[in-house]
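**Q** Structure for this input, please:
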Amino acid sequence: MNKPLYLPARWTQGRLLACALLAGLLTLGVGACQQAPPEDAHAHDGASTYFTCPMHPQIVRAEPGKCPVCSMDLVKATKQGGAATPATAVAPAAALTHYTCPMHPQISRKQPGKCPICGMDLVKAAKAAPATAGGPAAAPEVLLSAQQRQLAGIRVAALGGAASTASSAAGTTVLTGTITANANQTRTVSSRVAGRVERLFVRQTGATIRAGAPLVSIYSEQLQALQQEYVLSLAQQRAMGTSGNQYGRLVASARQKLRLLGMSEGQLRTLAATGRPTSSLTFYSPQAGLVQAVGVTEGQYVGEGTLLVSLTNLSLVWVEAQLYPEEVAGVEMGQSVQVQVAGLPDAYSGRVVFLSPEREANSKVTLLRVQLANAGGRLQPGMQANVRLPSRGPTATVQSLTLPQDAVLRDSRGSYVWEQVGTAGRFRRLKVTTGAETDETVAITGGVPAGALVVVGGAYLLESEYALYQGTDPMAGMDPSIKM
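**A** Got it, this is the predicted structure:
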């Protein structure tokens, strides 16, 4: 017979109390479930439930799973649906206000509340007016208060007006260019012998060099051998006197070899007079100018053709700019143009010396080259400059519509501007087509009519508000294989 198991009284009472509490909680839970209204089954009539990523709200799935971007677990969310009410159809402006989550802009509610994903308070935002029957959807709109417009520095100007047209005088095309060295005044000094760099007379770029100044001295056994040959031929010719004319051809041949190696006439005369070959060959500057590049260091072994020093003369420089096809017709070779260099108050007068007959690879532009006189040496390669071309012919009478670069916003889908509509504080986003551009302006060829009030200052704030409240796709331009 099994003996009964006796437990300590304190332990038994504690266990019994815990069991009683657990049973009570289960009873209350069952009762609450029976008494709760059937919200899960019917409260979301007209709404849709989906699964999304907290970090990438553009990811939407019908079933739970992992985010294809960051591999986080998808969370359940609810999106309101249903047809528009008759009031919305009669007064589209009433649909311009809704409530959304700053972190999850796909959440849209008609009333304030909490975000079902992160629990943040929903904020009031502007929303595009619904599409009219049989017509396209209205452009997205954003509402800003007076304080927001003041803090953001929102400025508007009429398209085609003086404030929005920044292309200086009518009939003038402004091109962005860069000052470069004149290739016709650039010389390179290369080694004509194989040997070792014994001495480097110039060590840094930008140094001023006079014509005939020493540049590099190179030790060469080949040079010594040819000098010995030349001295021996001269000695034999002198020893034979008038009967040694047959040695004249040997002397001339040895002399020509030394000349081709880079020895000057003065060096050859000194060698003939002394009869003592030198162990090194010194290369001299062929012109005055600036040291553009130094290709060797002392002690370095070089071969024939090695670049030693590159020299350039900056008394004449080039400005290289790019032209669109529609602008080429107004340019002629030798045409006089005005050039304004960044950081310098004075304008320079130059002339067109080159217009490329072909377009650059994978581009719609062609190369224009303008030559400028640089007597004072103030113009240096790499400086930015604007080239002003006076338009000719029929193009001079055409008034292009241009906007500042900051007024035109771009993404992978195209170019956009913000237009003020109605009263101050209401703006809508318009897609536009653009034409020729400079570093300051963009030509507008379509999408917005002339005279429209376009935002020319603070457009980036409007774009950020649009991205925040309208749910602009932050993954635009990424792998299209990712399902949205």
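**Q** Okay, buried residues for stretch 267-287 please.
**A** Using 16 or more other CB atoms under 10 Å as the burial criterion, the residues of stretch 267-287 that qualify are Gln267, Leu268, Leu271, Pro277, Thr278, Ser280, Leu281, Thr282, Phe283, Tyr284, Ser285. In short, each C-beta sits where N, CA and C put it, glycine included.
**Q** can you give me the helices in the stretch 251-400 of the chain?
**A** 265-274, 325-328 (DSSP state H, counting those that start in this stretch).
**Q** pLDDT weak spots in the stretch 351-484 of the chain?
**A** For the stretch 351-484 of the chain, applying pLDDT under 70 flags the ranges 360-363, 391-400, 423-424, 438-439, 468-484.
**Q** List the single closest residue to Thr433 in space, sequence neighbours excluded.
**A** Take Thr433 and drop its neighbours on the chain: the residue closest to it by CB to CB, 6 or more residues apart in numbering is Gly446, 4.2 Å away.
**Q** Give the burial count for the one you found, as a bare number.
**A** 11 (other CB atoms under 10 Å).
**Q** What of Leu323?
**A** 23.
**Q** cool, and the one 4 residues further on?
**A** For Glu327, the neighbour count with other CB under 10 Å is 18.
**Q** Equivalent analysis for Asn313, please.
**A** If we define neighbours as other CB under 10 Å, then Asn313 has 19 of them.
**Q** In this structure Ile117 contacts Cys53, no?
**A** No: using CB atoms under 8 Å as the test, Ile117 is too far from Cys53 to be in contact (9.4 Å).
**Q** Overlap in contacts, the two.
**A** Val75 (CB atoms under 8 Å, 6 or more residues apart in numbering).
**Q** Those two: which has the busier surroundings?
**A** Using other CB under 10 Å, the more surrounded residue of Ile117 and Cys53 is Cys53, with 23 against 19.
**Q** Retrieve the pLDDT associated with the closest residue to that one other than its chain neighbours.
**A** Nearest residue to Cys53, sequence neighbours excluded (CB to CB, 6+ apart): Cys67, at 3.8 Å. Here, the pLDDT recorded for Cys67 equals 84.
**Q** Hmm, Pro57 and Cys67 touching each other?
**A** No: Cys67 lies out of contact with Pro57 (CB under 8 Å); the separation is 10.3 Å.
**Q** For the stretch 301-450 of the chain, just list every one of the strands.
**A** 301-302, 307-312, 316-323, 336-341, 347-359, 366-373, 384-390, 402-404, 409-411, 414-420, 426-437, 441-446 (DSSP state E, counting those that start in this stretch).
**Q** closest one to Lys124 among the ones you listed?
**A** Lys124 sits nearest to strand 426-437 of all the strands of the stretch 301-450 of the chain, at 14.5 Å, using CB to CB.
**Q** who's in contact with that closest one?
**A** Counting by CB under 8 Å, 6+ apart, 138-144, 173, 324, 326-327, 400, 405, 408, 413-421, 442-448, 455, 462-463, 466 sit against strand 426-437.
**Q** Can you give me the buried ones in that strand?
**A** Residues of strand 426-437 classed as buried: Arg426, Phe427, Arg428, Arg429, Leu430, Val432, Thr434, Ala436 (neighbour count, 16+ other CB under 10 Å).
**Q** with those residues in mind, which one is nearest to Glu320?
**A** Nearest member of the buried residues of strand 426-437 to Glu320, counting by CB to CB, is Ala436, at 17.4 Å.
**Q** Is Gln371 bridged to anything, and to what?
**A** The bridge-partner assignment for Gln371, based on DSSP bridges, gives Trp318, Arg351.
**Q** repeat for Val156
**A** Under the criterion used (DSSP bridges), Val156 bridges to Val455.
**Q** Quick one: residues contacting it.
**A** Contact analysis of Val156 by CB under 8 Å, 6+ apart lists Gln420, Leu453, Val454, Val455, Val456.
**Q** From Val353, how far off is it?
**A** 43 Å (CB to CB, to the nearest Å).
**Q** Which of the contacts of Val156 ranks first by neighbour count?
**A** That'd be Val454 among those, by other CB under 10 Å, with 29 neighbours.
**Q** How about the backbone phi and psi for the residue nearest to Cys53?
**A** When quoted as degrees, to the nearest 10, the phi and psi of Cys67 stand at phi -70, psi 130.
**Q** Leaving out sequence neighbours, find the closest residue to Gly377.
**A** Gly377 sits nearest to Leu314 (CB to CB, 6+ apart), 6.2 Å away.
**Q** could you check the distance from the closest residue to Leu372 other than its chain neighbours over to Glu332?
**A** Excluding its sequence neighbours, the residue lying closest to Leu372 (CB to CB, 6+ apart) is Gly350, at 4.3 Å. Distance of Gly350 to Glu332, computed by CB to CB: 14 Å.
**Q** what about the two, which has more around it?
**A** Gly350 (22 against 10).
**Q** unless I'm mixing things up, the residue nearest to Leu372 is touching Ala321, no?
**A** No: between Gly350 and Ala321 there is no contact under CB under 8 Å: 10.9 Å.
**Q** so what's in contact with these two at the same time?
**A** Val370, Val387.
**Q** Surely Leu260 and Val193 touch.
**A** No: using CB under 8 Å, Leu260 is not in contact with Val193, being 10.0 Å away.
**Q** Tell me which of the two has more neighbours.
**A** The residue with more neighbours, out of Leu260 and Val193, is Val193; 20 against 10, by other CB under 10 Å.
**Q** so what's that one closest to, chain neighbours aside?
**A** Ser220 (4.2 Å).
**Q** ok, now how distant is the one you found from Gln228?
**A** According to CB to CB, Ser220 stands 13 Å off from Gln228.
**Q** Which one's more surrounded, the two?
**A** Counted by other CB under 10 Å, Ser220 and Gln228 do not tie: Ser220 has more neighbours, with 23 against 12.
**Q** Surely Arg228 forms part of a helix?
**A** You called it Arg, but residue 228 is Gln. Yes: with DSSP: H, G, I helix; E, B strand; the rest coil as the criterion, Gln228 is part of a helix.
**Q** quick one, strands of the stretch 101-250 of the chain?
**A** Going by DSSP E, counting those that start in this stretch, the stretch 101-250 of the chain shows strands at 108-109, 123-126, 141-143, 155-158, 172-181, 186-190, 195-200, 208-209, 214-219.
**Q** I'd like those strands written out as a markdown table, with distance to Leu234 and mean pLDDT added.
**A** Shown next, in a markdown table, are the strands of the stretch 101-250 of the chain (distance: least, CB to CB, whole Å; pLDDT from 0 to 100):
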| stretch | distance to Leu234 | mean pLDDT |
| --- | --- | --- |
| strand 108-109 | 100 | 80 |
| strand 123-126 | 97 | 66 |
| strand 141-143 | 92 | 80 |
| strand 155-158 | 84 | 85 |
| strand 172-181 | 44 | 84 |
| strand 186-190 | 29 | 89 |
| strand 195-200 | 24 | 92 |
| strand 208-209 | 34 | 88 |
| strand 214-219 | 23 | 91 |
